[in-house]
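# fold the following.
(2 chains)
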Amino acid sequence: MKPLQVDAENNLDQPAKKKRKKFNHQKIAPPTAEEINRLRETENVFHSNLFRMQIDEILSEVRIKDHTRSNLTSWIERIKNFLSNVEFDLNVSKNEAVDIPYIVMPMKSKTKGVEAKFSFMKPKSVGIFGSFNADCVLKSIGEIDLFVEIPKQCFQKEDYLNDKYFKKRNIYLSCLASQLLEEADNLSVNSNLEFCIKSNVDKPLLRLKSTQEKLHKYSIIVHVIPEVESFKELRFNPTLNNVRHGWFFDTVTDSKLNFPTPLYNALICQDLVALRNEVIRKEKFDANSNFKDAFMLLKIWLRQRKLCEGLGSFSGYILSMFLIYLLKKQKLNQFMSSYQIIRIVWISLDKTDWHTEGISLATENESSSAEMQNFKSQYDVVFVDVTGAVNLAASLALSNYLRVKRESKYAVQCLDNSKSNSFTALFMTPVLPLHNYDYIFQFSKLSVFRKTVKNFADIATKLDFRNDYFSSFIKMIMNLLAKTLNQRASSIDYIVEPSVLMWPVNEKMPKHENLLIGIKVDPTHAYNIIEKGPIIHSSEAAEFRKFWDSKSELRRFRDGTTCETVCWAKSTDSHRKKRSIICDIVEYILDLKFQIKRESYLFVGNQLEAVIFDDYNKLFNCEGTGEEAIFKILASFNELSTTIRLLKDIPLEITTVQGTSAVFRYSELFPTLPNIHSSVKKTLSNKDTALVFQTDSEIKLVPLYIPPIEAVIQLSVSSKWPADLDAIRHLQAGFYTKLASLLSSRFKMLCHPFKDHIDILKDGYVFRIRISNSSEISAVKRELASDGTIQYCDNAESLRLEKYMMQLPVLTSAIHGLHQQYISFGTSCAMCKRWLRCQLLDEFYFPDVCVDLLMCYLFLNARPYTPSHQPQTMFIRFLELLSSPGWFLEPFIVNFNDELTREEILEIDSVVSKNRDALPALIIVTPFDRSGSTWTSQQPSLTIMDRITQLAKAALQIIRSSIFEIDSFNTMKVIFRPPLKGYDIIIWLQATTNALRWVAVDANLNSFHLVKNTPIFEKLPIVDFQPSKLFMEELRKHYNEFCLFFYDFYGGDFIGVVLKPDAKSPKEFKVSNLKCGGVNKSKLTLNLDAMMDDFRTLGNGIVSRVEYNENK
Amino acid sequence: MKASSLGFSSLEAQFKETGSVPHQIFYKQHKVRDESNDRPSDLTLFVCNIPPYYNEECMKQLFRTCGVVKSVYFASVESPTEIQEKPKSLFDEVEEIEGYKVAYVVFTSANDLQKALSWKPTKPVVISNDEFSLMTGLKKWCQEYNDSFILPSDLDKEISKFMSNYDNTVKESEISVKQSAEPNEEGWVTVTKRGRNPGFARKHSVKSNIMKTIQRKKRKKTLLNFYTFQIKESKMNHLTKLREKFEEDKKKIEALKSKRKFKPF
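Residues are numbered from 1 along each chain as shown, chains lettered A, B, ... in the order given. Next comes the predicted model:
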């Protein structure tokens, strides 16, 4: 490159043409072989170029750097040397209490001592194994697994029985800890040694941290395992019993009682075969670097989903062994790229069924199928190791395995979707339970676990888990819930928090105490109000009756059968009620089967719905979160539209009637109710068909707000429309008057025509209908160009018309379709709107349609989640979406019906990334609007989006920290209360003249009296009259230059005013600067007091006072 | 620059007698080169810094001590020469001037104007008094709401009046077009788009369509894969496109990197 540039400079005097040619030549340098290879490789073996680069970046981010690695190795070497020669003087005889200096033995429950003698002996060997050995440690986790082999002399013949192995193991570990503590300084080990529990309570591990500054992120995890020949593997066959009934319950029992203890057996045997598996693992991993890359990527993927940590988890160890399994089955080979490997692993995880078939790494022989039967009979999930002796997935919970399967399937779907890059969703985004599940139940009382297990667990479980109440409780409750919810839930998972228990070695072992159970629903079954059981008198009927107890009753169905049934709600109940059926079922069954009362656990799922529900609707005798009210409006509208379409005697036929209000997108916050009207009486008089105000008297109380429900009609195409805009408008107005006279004479409907619309009253709703006419728009666009030709140019007015008359109806019907698929859509939108509006960001700053579109985006691009059927979950995801700066980096592509093709999306992407700064802050692309700026071109601005980001962050934090508390709603309500801080001027409004006073967050609803019946209407009520809205319009129009105004349209009692930064600075005396100025030292300055007085004057009758906020 | 140096005098005006804060209002004699008949310079006062809600009546009240105001024209501060039109029919929409505004106050006699120019009130002038009070706030909105209801019969009357007018004008223009198609006294014929050979419509879209077809035809004529250099070039172009894409992706990665987007945990 360089010589060429010099060349060009030397030849400055040459003609320009030649120079350009040279430059071109330089640009298209012939491709090198390497480049072509890379480009081709990318096309063939990776998803896309970007995906490949992203993979490279993330790997370089998590890989340990070479110099750190050498530092680490030398540190590990020192520890290894020390441990392999460690001496400790300990000889314990049978049943003697063990006391090790500085250490509290990690025992899960009080025990008498070891029921066998034990003396400490130097380890047989010490070494590293696991991820560090294979060079696949994730830097940010930085855990290095070190094994210490206990020599077989430490064990007696029967030590595999009755917990003795675990006790000895723990003593051995404590001895090591004690010695390490003494030598901590010499070994540069941080003296705060910790024990930790990862996947099993029986096997605590020792965790060392380095004192070296460079290595502070890393830690060594010490595992102790028995020498290979300590026990015979046959002893641990899953069908055998190794925990004796008599010993455990301290009774003399019949020796014939033989309960298998599969979990116990597997735990010991896993330690026994660990090194033999490790040999194969190391060999395969070392052979191929792509293998390591793929493994690291998969580990990141698991970790983001919290799947590889905690009790019963799908550990990285199982994952690596599965990779080996796939290699063995020749599903993978060493020529594959990391991308291909992860893809195949996901596909195989999805296709194999460890819970029904079981897989094995062992070489097959005649007995292997019989052994597999043994394994299958004892474990939920089966993955047999290399030796064929042990199930590697013994402690893997079935629910976790199923979740891995589900997530794998989903991951493959993400990869296969060529229309978007799923990298971020797969590897970068943590999947949080609160954002993931529809319902979460939280159990955090130790007594509940203990009582339930003691009273309701069977003997086999008790023996196998040996006082591990927490794990056994998980197993019991998961089984129960799976059986109870059946089809209603698409998945039931559990999450243990914290996933890894850690505690200092000189303290007592803590207990797991926080269990979350997350449920995702299957919307086709979840809201069934009855559970239909078997036909009466059948054998299943008795079982069904036994399971549901008194809740089960006989019902006769339409098809003539009589069945056992359980009924959870009435068919007339609201959607909100139906959404909580699952909660009711769980509550009932937990009490019935385990006697766990409602007070002992927490339910998270619908608390926040109260901000759009609560008592507001009760006030007007309508329950639910607004869905029912919307359905009623829609039904009424449908009737109206058929009536209108059937009208004869009109100049042009009406072809379509389409709604445009938020109601038709199901996302209206507080949809209007027909009986709101009756709260008005006095101060009104009649004018023609409508009620109007009496302007001669003082207006004290403004009637409650009735929004007009807007719709557009389209007329059949006609060539007779005049070209002149005024003429078109007059003709349209003529059409309105004609329509009005027809409707009132034929159907006795109350309606009133206006210049540009018609208001029709039906069933207590006021429908506002306009004509959508393309000739009107082209008339607005029409211009005469300089050369005399007629041009059609966009202008503000034409864009506005196109937006509301043409695009909005199309968008509304698309969203209507989306709502049929995801019925929680509307309520989710309503919650988001409520939050935004409560934070004083009104329609002006963040249009309603944008909220709807963003919600569509969340439903159509839910990754890494799946669309939720619980509005609250969607609301939390909405907050998450806004709180990350992603809205600026990429456009939101709402691909309705998958209409946009991959090429189109790529083009949109590149256009956006090239002109990012010139485009609006928020870009929402739909198939109907490929520019993505129709709804966002004016607002929200960058400043507003920044503010929303801050607010969303704060709100999320509050929700996360307080949602798992009792009475969390009242704590969380704070996110719906706007702060007074940050405003220069505050304009306080009177409550009585606020037409939406009843929906304010903290409204005192006692002051409103309940209205029962829909009144009979004689006149059109006062429609679309909210004084504070009109006030805001005036303020914005006149004072836009100096201030920003913030107001909660839904019952807010103040307007916050922020002065623009340069508003107060002095200006030159010029006519164009003469705006609310006062002369001060020959310069113009803003006359703030006079402006505040203007506010008072403009808001006469609704403003109570205007305050200047001194301490902003 | 001082107010007086531009020839402005100032006075203070407040909306109500009590509890109101005065605004400073600047004014001078209206002087422009091409004078309109409505606003002769010897009768007209140019007033600035007027609060948005002031109407004609307010201006009359403001200068009531100086004399009788004949008419007031408002204009926006940004373009002080474009004055606001007054509505003539129900369908005329008057755009309200946004924010602070200027006004041309026309007095009935030159004497009054001189009085106003030399006027130096000591106390702020009060606009709202016993005789006049401006309707603002809730009352105004209620009134506007009431006014938005026009009786359907009035609306119909207005529409039919406009449409008959419109029809007449259309008819007249048609007649004039027809007439011009016939030779006039000197024998000239105006060629219009009506007739046997109407020619292209004078529309932008038609023009651009024609241009497009010409270009398409041109493109058809050229051979793309004829010369070796063309084939070579197309290959190179493909390569540069791939490279460009690569570079674009690289940039994207850099942007993500700078936002620390690759730290998974």
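# who are the packing partners of the longest helix along chain A?
Assignment by DSSP state H gives helix A:262-287 as the longest helix of chain A. For helix A:262-287, the packing partners by 3 or more C-beta pairs under 8 Å, 6 or more residues apart in numbering or on different chains; DSSP states H and E come out as strand A:125-129, strand A:143-150, helix A:164-182, strand A:219-226, helix A:289-304, helix A:316-328, helix A:459-465. (Glycine included, C-beta is placed from N, CA and C.)
# closest to residue A:548 out of the ones you listed?
helix A:459-465 (23.3 Å; C-beta to C-beta).
# now the helix or strand that that closest one is followed by: average pLDDT?
On the C-terminal side of helix A:459-465, the nearest following helix or strand under DSSP states H and E is helix A:469-485. Averaged over helix A:469-485, pLDDT sits at 90.
# buried residues, helix A:469-485. List them.
Buried positions in helix A:469-485, judged by neighbour count with 16 or more other C-beta atoms under 10 Å in any protein chain shown: A:469-478, A:480-481, A:484-485.
# in JSON lines: these, plus distance to chain B.
What follows is these, written out as JSON lines (distance: C-beta to the nearest C-beta, whole Å):
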{"residue": "A:469", "distance to chain B": "31"}
{"residue": "A:470", "distance to chain B": "26"}
{"residue": "A:471", "distance to chain B": "26"}
{"residue": "A:472", "distance to chain B": "31"}
{"residue": "A:473", "distance to chain B": "29"}
{"residue": "A:474", "distance to chain B": "25"}
{"residue": "A:475", "distance to chain B": "29"}
{"residue": "A:476", "distance to chain B": "33"}
{"residue": "A:477", "distance to chain B": "30"}
{"residue": "A:478", "distance to chain B": "27"}
{"residue": "A:480", "distance to chain B": "34"}
{"residue": "A:481", "distance to chain B": "30"}
{"residue": "A:484", "distance to chain B": "36"}
{"residue": "A:485", "distance to chain B": "33"}
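# on that earlier part again, closest to chain B out of the helices and strands packed on helix A:262-287?
Chain B lies closest, by C-beta to the nearest C-beta, to one member of the helices and strands packed on helix A:262-287: helix A:289-304, at 5.0 Å.
# other residues contacting that closest one?
A:55, A:58-59, A:62-63, A:131, A:134-136, A:138, A:141, A:284-285, A:308-309, A:314, A:316, A:319-320, A:323, A:332, A:334, A:336-338, A:341-342, A:345, A:404, A:407, A:411, A:426-431, A:864, B:264-265 (C-beta atoms under 8 Å, 6 or more residues apart in numbering or on different chains).
# before we move on, the earlier item: now distance to residue A:904 too, for the helices and strands packed on helix A:262-287, in TSV please.
Below are the helices and strands packed on helix A:262-287 laid out as TSV (distance: least, C-beta to C-beta, whole Å):
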stretch	distance to residue A:904
strand A:125-129	51
strand A:143-150	46
helix A:164-182	61
strand A:219-226	49
helix A:289-304	29
helix A:316-328	37
helix A:459-465	57
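# out of the ones you listed, flag the one nearest residue A:33.
Nearest to residue A:33, of all those, is helix A:289-304, at 21.1 Å by C-beta to C-beta.
# starting at the chain centroid, how far to the closest one?
23 Å (C-alpha atoms, centre = their mean, to the nearest Å).
# what residues sit buried inside that helix?
Going by neighbour count (16+ other C-beta under 10 Å), the buried part of helix A:289-304 is A:290-304.
# in the stretch 151-265 of chain B, what residue is nearest chain A?
residue B:204 (4.0 Å).
# break chain A into its domains for me.
A:50-231, A:436-529+A:568-605, A:822-977, A:980-1108 (automatic domain parsing).
# adding distance to residue A:264, write those out as JSON lines.
JSON lines is the format used below for the domains of chain A (distance: least, C-beta to C-beta, whole Å):
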{"stretch": "domain A:50-231", "distance to residue A:264": "8"}
{"stretch": "domain A:436-529+A:568-605", "distance to residue A:264": "6"}
{"stretch": "domain A:822-977", "distance to residue A:264": "33"}
{"stretch": "domain A:980-1108", "distance to residue A:264": "55"}
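# now do the same end-to-end measure for stretch A:1047-1066.
28 Å (C-alpha to C-alpha, to the nearest Å).
# mind checking which of the contacts of helix A:289-304 land in helices?
Reading helices off the contacts of helix A:289-304 with DSSP H, I get A:55, A:58-59, A:62, A:284-285, A:316, A:319-320, A:323, A:338, A:341-342, A:345, A:404, A:407, A:411.
# need the buried ones from those selected in PyMOL.
To isolate the buried members of those in PyMOL, using 16+ other C-beta under 10 Å:
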select buried, chain A and resi 55+58+59+62+284+285+316+319+320+323+338+341+342+345+404+407+411
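# tell me which residues touch residue 210, please.
As the question left the chain open, I've gone with chain A. Counting by C-beta under 8 Å, 6+ apart, residue A:210 makes contact with A:75, A:188-190, A:216, A:218-219.
# look at chain B instead
residue B:200.
# in a helix, it, correct?
Yes. Assessed with DSSP: H, G, I helix; E, B strand; the rest coil, residue B:210 lies in a helix.
# how close does it sit to residue A:790?
15 Å (C-beta to C-beta, to the nearest Å).
# and for residue A:984?
50 Å.
# give me the more crowded residue out of these two.
residue A:984 (19 against 16; other C-beta atoms under 10 Å in any protein chain shown).
# so that one touches residue A:1110, yeah?
No. The criterion here is C-beta atoms under 8 Å, and residue A:984 misses it with residue A:1110 at 9.7 Å.
# so residue 35, which of the three states?
Assuming you mean chain A. Here residue A:35 is helix, with the state taken from three-state DSSP.
# the chain in question should be chain B.
For residue B:35, the assignment made with three-state DSSP gives coil.
# one more: residue A:442?
Under three-state DSSP, residue A:442 comes out as strand.
# same question, residue A:508
coil.
# which stretches of the stretch 551-700 of chain A have low pLDDT?
By pLDDT under 70, the weakly predicted segments of the stretch 551-700 of chain A are A:613-622, A:677-683.
# kindly report the residues of it close to chain B.
Contact residues (C-beta under 8 Å from any C-beta of the partner chain) of the stretch 551-700 of chain A with chain B: A:687-688, A:690, A:692-693, A:695, A:699.
# mind running it again at 10 Å?
With the criterion set to C-beta under 10 Å from any C-beta of the partner chain, the stretch 551-700 of chain A comes near chain B through A:683, A:685, A:687-696, A:698-700.
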